[in-house]
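*Asks:* Have a look; sequence and predicted model below, questions after that.
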Amino acid sequence: MEQFAGSAYMTEESRAYIAKLSEGLLDMVAKGQQQEILKPIPVPLLASFFLGSIRETGQLIRSGSLADSEDLRALAFQLCWDGIRC
């Protein structure tokens, strides 16, 4: 993703779209914190933990280090959820 974001293929329209999606995610995280569902830590840190978990799990699956399965996805989700919820 980082490589794509800095590439010549990334247009201003694409950047604006990604910024809008990111804003929505950050708003959702902030609302989750206000409702005391998510941990009261800085929103960018919480979002980076969540997104990093997804990115790294995907890389492990693509590299063959982990076999993709519903059980693995459920475990990865539970680990991430346990890390961000109050």
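*Replies:* Yes, it's here.
*Asks:* Could you check how far Arg85 is from Gln78?
*Replies:* In this view, Arg85 and Gln78 are 10 Å apart by Cβ to Cβ, to the nearest Å. Quick note: C-beta positions are derived from backbone N, CA and C, even for glycine.
*Asks:* Where is the longest helix in the chain?
*Replies:* helix 12-34 (DSSP state H).
*Asks:* State the mean pLDDT of that one.
*Replies:* Helix 12-34 carries an average pLDDT of 86.
*Asks:* give the contact list for the nearest residue to Leu26 once chain neighbours are set aside.
*Replies:* Excluding the flanking residues, the one nearest Leu26 by Cβ to Cβ, 6 or more residues apart in numbering is Val43, at 5.5 Å. Counting by Cβ atoms under 8 Å, 6 or more residues apart in numbering, Val43 makes contact with Leu26, Val29, Ala30, Gln33.
*Asks:* Now the spatially most central residue of the chain: which helix or strand?
*Replies:* By Cα atoms, centre = their mean, the chain has its centre lying nearest to Leu51, at 1.9 Å. In the assignment (DSSP states H and E), Leu51 maps to helix 43-63.
*Asks:* any idea of the angle that helix forms with helix 12-34?
*Replies:* Angle between the axes of helix 43-63 and helix 12-34 is 110 degrees (criterion: axes from the mean of the first three to the mean of the last three Cα atoms, to 10 degrees).
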